[in-house]
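S.K.: Following is a predicted model, sequence given first.
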Amino acid sequence: MLGWEIDLALMGWANLVIFAAALFSSITGFGYALLATPVLVLFLAPKIVVPIVLMSSMPLSLLLAREAYGDMSKAKIGLWLLGALPGMVFGAYGLAHLDEGVMCVGIGVITILAALSVWSKPDSPFVKERMMAIVAGVGSGAMAGVSGVSGPPVVLFGLNQGWDFRVLRACLIGYFTLLHAATILVLGRFGMVNYQTLTYAAGVLPGLLLGYFIGVRLKDHIDSSHFRTITLCMVSLAGIAAIISQ
């Protein structure tokens, strides 16, 4: 006996959530975990949700990386990773050892603050860009390990520096691909990558692929700022729901 069974209705809802997350991420280059994690923790434990979100994101990341490779800046991605990898290990340790109720509230709070920070779009670029890129990476890595939501610090940093949208989107895609692969390996060391989480991650692939194929066709025809506003509102509500569910 495996000690658990897959709920088909739950899998259907999970596919709907992953579809929405993949659609948004395919258009903007970020937001997959930001949207998926706080909704899925309403139905599943954080220690199950975070590996599912990260593992299911890998096919999407690889597809998007192939499309965006020409616009990537390896130097920018490298600076983020320099800070993110040690930060991610500390975050994963917290996920493995903290109480699930605390984790749900923590994920909800992180999600709301993250959405507000991305929405704020500050306009005072850092002079010491290389150093602050590493700092943003530390914050992103820690969030990736503890909640799977790694985007806000680096998204906010790129917006703050006024990077071209295509370059920022491409760098985010490349960065998330590498960081999430490393995070999955670390979560595996803490016992959170197992048959159950692998099965759920595979089960949401239909929703992910549908969101990707629609998103890449819409990305050049949709005003991304309006789409982002709607999605960040949804994300904030999801974060609130994750908190009050406890």
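M.R.: That came through fine. What you see is a predicted model; the values in this text were computed from it and never measured.

S.K.: Next, the contact list for the residue nearest in space to the middle of the chain, please.
M.R.: When the chain is reduced to its mean C-alpha position, the nearest residue by CA atoms, centre = their mean turns out to be Ala33, at 2.9 Å. Ala33 sits next to 21, 53-54, 57, 144, 147-151 when contact means CB atoms under 8 Å, 6 or more residues apart in numbering. To be clear about C-beta, it is placed using only N, CA and C from the backbone, and glycine gets the same treatment.

S.K.: where does Phe30 fall, helix, sheet strand or coil?
M.R.: Local secondary structure at Phe30 is given as coil here, using DSSP: H, G, I helix; E, B strand; the rest coil.

S.K.: Quick check: it vs Gly174, distance?
M.R.: Remark: distance between Phe30 and Gly174 (CB to CB, to the nearest Å) = 12 Å.

S.K.: quick one, helices of the protein?
M.R.: All helices of the chain, identified by DSSP state H, fall at 8-28, 32-40, 46-68, 74-97, 100-120, 129-147, 151-160, 165-189, 195-203, 205-218, 224-244.

S.K.: Now the fifth one: buried residues?
M.R.: Along helix 100-120, these residues count as buried under the neighbour rule (16 or more other CB atoms under 10 Å): 103-112, 114-115, 118.

S.K.: would TSV of those with distance to Arg189 be doable?
M.R.: Supplementary listing: the buried residues of helix 100-120 in TSV, determined by distance: CB to CB, whole Å:
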residue	distance to Arg189
Met103	18
Cys104	23
Val105	26
Gly106	21
Ile107	21
Gly108	26
Val109	26
Ile110	23
Thr111	25
Ile112	30
Ala114	26
Ala115	30
Val118	30
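
S.K.: what's the closest of these to Gly158?
M.R.: Each of the buried residues of helix 100-120 was scored against Gly158 by CB to CB, and Val118 proved nearest at 10.4 Å.

S.K.: So what's the predicted local confidence for that closest one?
M.R.: Per-residue pLDDT puts Val118 at 68.

S.K.: I'd like to know how many residues surround Gly188.
M.R.: Close neighbours of Gly188, defined as other CB atoms under 10 Å, add up to 15.

S.K.: How much space separates it from Ser61?
M.R.: Summarising the geometry, the distance separating Gly188 from Ser61, computed by CB to CB, is 17 Å.
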